[in-house]
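Novice: Predicted structure and sequence below. I'll ask about it afterward.
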Amino acid sequence: MYNKVSVKITMILIMTATLAVPSAVLQLSYAQGDLQNTILNTHNQERAAVGVAPLTWSDSIAASAQNWADNLLSTGSLVHSTGTGFGENLASGGGPDYATVDVLQQSWVDEKNSYVPGTPGNSHYTQMVDQRSTEVGCALASGPGGEYAQYGGTNVLVCQYSPPGNFNGQPPF
């Protein structure tokens with residue numbers, strides 16, 4: 001009898017704990033995997049197009065990016081971090097038009113239309129393809145407020161690169 005009761009109690013505790021955990025936490029690993037694949041696919045496609053070796057994902061850099069993305073979301077600002085030793089790209093938007101990593105990241109890719117190969121880099125696009133960078137970690141922070149509250153909330157994407165690239169006066173590839 002005690003065995004049946006303890007099994008029932010255990011099942012009830014597991015179900016209660018699962019329901020008590022916010023859905024965002026339950027989806028974290030899935031969302032992080034999607035973010036990682038989306039970032040690496042887009043970045044490495046752009047890098048291959050200019051003959052630069054692919055980036056690899058760094059969980060430790062992604063953790064740094066998440067800290068900064070959360071900070072930017074909470075402060076409502078969009079300024080670069082300092083003292084991390086990483087290169088960095090930032091994007092922000094709101095509402096359904098800017099709800100995905102693809103859309104936010106595409107704004108960086110679109111900058112290649114104004115880049116003249118062989119010239120010094122200093123854009124989001126040139127950081128994406130800079131040959132000096134070998135690792136990337138990115139994070140997305142989303143919330144109901146911020147600059148885009150009237151559009152349903154704000155999304156902030158932060159990508160950090162190691163070693164940093166995108167130096168004034170130095171071509172990225």
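Specialist: Cool, got the structure. Just so it is clear, the model here is predicted, and its values are computed rather than measured.
Novice: Show me the longest helix that occurs in this structure.
Specialist: Ranked by residue count and defined by DSSP state H, the top helix of the chain is helix 28-49.
Novice: so how far is that one from its chain's centroid?
Specialist: Computed by Cα atoms, centre = their mean, to the nearest Å, the chain-centroid distance of helix 28-49 equals 9 Å.
Novice: List the neighbours of the next helix-or-strand element following it that are in contact with it.
Specialist: Next in sequence after helix 28-49, counting helices and strands by DSSP states H and E, comes strand 56-57. Under the contact criterion Cβ atoms under 8 Å, 6 or more residues apart in numbering, strand 56-57 has outside partners Q36, I39, L40, T134, E135, V136, G137. Any C-beta I mention is one placed from the backbone N, CA and C, and that applies to glycine too.
Novice: low pLDDT regions in this protein?
Specialist: Within the chain, the ranges that satisfy pLDDT under 70 run 1-32, 96-97, 99, 145-147, 150-151.
Novice: Tell me where the protein has helices.
Specialist: According to DSSP H, the helices that the chain contains are 2-20, 23-26, 28-49, 59-75, 101-109, 124-129.
Novice: so how many other residues sit close to the closest residue to Y115 other than its chain neighbours?
Specialist: Excluding the flanking residues, the one nearest Y115 by Cβ to Cβ, 6 or more residues apart in numbering is Y125, at 5.8 Å. Applying other Cβ atoms under 10 Å, we find 22 residues neighbouring Y125.
Novice: and Y125, what does it touch?
Specialist: Residues in contact with Y125 (Cβ under 8 Å, 6+ apart) are E46, W108, V109, D110, E111, K112, Y115.
Novice: Kindly report the same for Y161.
Specialist: Residues near Y161 by Cβ under 8 Å, 6+ apart: L55, I61, F86, G87, E88, N89, Q127, D130, S133, E135, V136.
Novice: Wait, the fifth one touches S81, no?
Specialist: Same thing as E88. Yes: E88 is in contact with S81 according to Cβ atoms under 8 Å; the separation is 6.2 Å.
Novice: Need the overlap of contacts for the two.
Specialist: Common neighbours of E88 and S81 (Cβ under 8 Å, 6+ apart) are W68, Q160.
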